[in-house]
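Participant: Provided below for reference: sequence and predicted model.
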Amino acid sequence: MTADKDIMKPIAPAASASYPSAEHVSTGLPINKVIRVKTFSPEEWESFTGECISSLKDLYVSVEPSGGAGDMGIDVAGYTTKDLKGEWDNYQCKHYDHALAPSDIWIEFGKVIYYSYKKKYSVPRKYYFVAPHGVGTKLTRLLRNPVELKQEIKLNWEKHCKNKITESESIPLEDGLLDWFESFDFSIFSSKTVVEMIEQHSKTPFHSVRFGGGLPPRPAVPHPPEDHDVTESRYIKHLFNAYTEHLGTPISKLEDLSTASKPALKKDFLRQRERFYHAEYLRNYARDTVPNGTFERLQNEIYHGVVDIHGDDHADGLARMRATVSQAAQIPITSNPLASVVQTQDRQGICHQLANEDKLIWVSTDEEL
């Protein structure tokens, strides 16, 4: 017993080889992306695949998920025509705890051959297997050799396909189906590696949310063009109404500000346009980097942060606009995925985007002014 006490010593954690950051303490060490996808559920893996394929806009005009019971072997389909009747590619999602082997997917070969024979859909242009653990050696060899793949599917049809393609009937490989099988192009079958999928996914607005790591650098915002775009007409009208009420002089165009009693308002107008353009470029940036609806939620957050100030009594429309824009600049953005890239001009410019949609107006009787 005395000897055991000498052997049993308190366990102490080993010293870290690096200095942990505050972020590490909050979220833990980063997980490698290749490892992270292996933790996805089958449903998440299929959604991840759909997100990847949706970025291939030079290949597909529409991407349709079809997984689930009765999918006839289609998981995620990329179509090259809007009517979904032209060429298409199928991405078969397999989320197993091991690399894909031929025995895992004989049935999938059988489904596409049978259902295309029955004209439930046309033969896909390409048929990719995608799996978080990748494709094993034997299946990789078969996918690279269509002649051998055809022979192996034929040998395994009786055991793996005949009574498993549908629950309602047996599908022997004979007669017309056998003729279809013999003429089938087995070179359409191949696979995508996990690294290829992650690389493709990095080009989508879903990537930062799924994998973290922050947003890409935000491009610089150019100065607004001298001529107003037609899409700016509404918020500019509201600005001119505010200047009109403030000056007591009709303002309907930029030149009117130059000759008005307070030409400093021309600088104010140019500043508001600059803010509007900031918000517009943030909208475009959000479209490419974060999921749909993220920017609209930011706009809504700004709206609720300023609407009470906007509704207060103000000396005139210009005072209302300035108070509202100033309030927007004070709103802390903490929970929106865009928080790390939002600048003060964006918050202020969103007020003018909201004015462009008549959700914020500076003079309530603007139509009469």
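Facilitator: Cool, got the structure.
Participant: what's the burial count for Gln345?
Facilitator: Using other C-beta atoms under 10 Å, Gln345 has 19 neighbouring residues. For the C-beta atoms, the positions are set from N, CA and C on the backbone; glycine is no exception.
Participant: now do the strands in the stretch 151-300 of the chain.
Facilitator: Using DSSP state E, counting those that start in this stretch, the strands of the stretch 151-300 of the chain run over residues 189-192.
Participant: all the helices of it, in order from the start?
Facilitator: Per DSSP state H, counting those that start in this stretch, the stretch 151-300 of the chain carries helices over the ranges 175-183, 194-201, 207-211, 233-247, 254-259, 264-289, 294-311.
Participant: quick one: contacts of the first one?
Facilitator: Put plainly, it is helix 175-183. Ile113, Tyr114, Ser116, Tyr117, Lys154, Ile171, Leu173 (C-beta atoms under 8 Å, 6 or more residues apart in numbering).
Participant: next, the buried residues of stretch 245-252.
Facilitator: Across stretch 245-252, burial judged by 16 or more other C-beta atoms under 10 Å covers Glu245, His246, Leu247, Ile251.
Participant: tell me the pLDDT at the closest residue to Tyr243 other than its chain neighbours?
Facilitator: Nearest residue to Tyr243 in three dimensions, chain neighbours excluded: Ile251, at 4.4 Å (C-beta to C-beta, 6 or more residues apart in numbering). With respect to pLDDT, Ile251 scores 91.
Participant: tell me which helix or strand in this protein has the weakest average pLDDT.
Facilitator: Least confident helix or strand, the chain: helix 2-7 with a mean of 53, by mean pLDDT, DSSP states H and E.
Participant: surely Glu64 forms part of a strand?
Facilitator: Yes. Counting by DSSP: H, G, I helix; E, B strand; the rest coil, one finds Glu64 located in a strand.
Participant: hmm, back to that, which one of the buried residues of stretch 245-252 sits closest to Arg287?
Facilitator: In terms of C-beta to C-beta, no member of these lies closer to Arg287 than Ile251, at 33.7 Å.
Participant: in which helix or strand does Phe129 reside?
Facilitator: strand 126-130 (DSSP states H and E).
Participant: what angle separates that strand from helix 194-201?
Facilitator: Orientation of strand 126-130 against helix 194-201 (axes from the mean of the first three to the mean of the last three C-alpha atoms, to 10 degrees) gives an angle of 110 degrees.
Participant: show the average pLDDT along strand 126-130.
Facilitator: When pLDDT is averaged along strand 126-130, the result is 97.
Participant: what do you get for stretch 331-348?
Facilitator: Averaged across stretch 331-348, the pLDDT comes to 94.
Participant: now swap in stretch 204-213 and tell me
Facilitator: Mean predicted confidence for stretch 204-213 is 86.
Participant: list the buried residues of the strand holding Phe129.
Facilitator: Residues of strand 126-130 classed as buried: Tyr127, Tyr128, Phe129, Val130 (neighbour count, 16+ other C-beta under 10 Å).
Participant: my guess is the first one contacts Ser190. True?
Facilitator: Yes. At 7.4 Å, Tyr127 counts as touching Ser190 under the criterion of C-beta atoms under 8 Å.
Participant: so who does the residue nearest to Ser187 when sequence neighbours are not counted touch?
Facilitator: In this structure, Ser187 finds its nearest non-sequential neighbour in Pro146, 4.4 Å apart by C-beta to C-beta, 6+ apart. Neighbour list for Pro146: Asp185, Phe186, Ser187, Phe189 [criterion: C-beta under 8 Å, 6+ apart].
Participant: so which of those residues is the most crowded?
Facilitator: Phe189 (25 neighbours).
Participant: that residue - nearest residue in space that isn't next to it in sequence?
Facilitator: Among residues not flanking Phe189 along the chain, Tyr127 sits closest, at 5.0 Å (C-beta to C-beta, 6+ apart).
Participant: which stretches of the stretch 51-200 of the chain have low pLDDT?
Facilitator: Counting by pLDDT under 70, the stretch 51-200 of the chain has low-confidence residues at 67-69.
Participant: hmm, I typed the wrong one, I wanted the stretch 201-350 of the chain.
Facilitator: Residue ranges of the stretch 201-350 of the chain with pLDDT under 70: 260-261.
Participant: elements contacting the helix or strand where Trp106 lies?
Facilitator: Trp106 is part of helix 102-117 when elements are defined by DSSP H and E. Counting by 3 or more C-beta pairs under 8 Å, 6 or more residues apart in numbering; DSSP states H and E, the packing neighbours recorded for helix 102-117 are strand 88-93, strand 126-130, helix 137-143, helix 146-156, helix 175-183.
Participant: now the longest one, how far from the chain's geometric center?
Facilitator: Offset of helix 146-156 from its chain centre (C-alpha atoms, centre = their mean, to the nearest Å): 38 Å.
Participant: just the buried positions in that helix, please.
Facilitator: With burial defined by 16+ other C-beta under 10 Å, the residues of helix 146-156 counted as buried are Pro146, Leu149, Lys150, Glu152, Ile153, Asn156.
Participant: can you pull the contacts of the second one?
Facilitator: Contacts for Leu149 (C-beta under 8 Å, 6+ apart) come out as Leu142, Leu143, Phe186, Phe189.
Participant: may I see the residues you listed arranged in CSV, with distance to Asp83 as well?
Facilitator: Compiled in CSV, the contacts of Leu149 are given as follows (distance: C-beta to C-beta, whole Å):
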residue, distance to Asp83
Leu142, 34
Leu143, 30
Phe186, 28
Phe189, 26
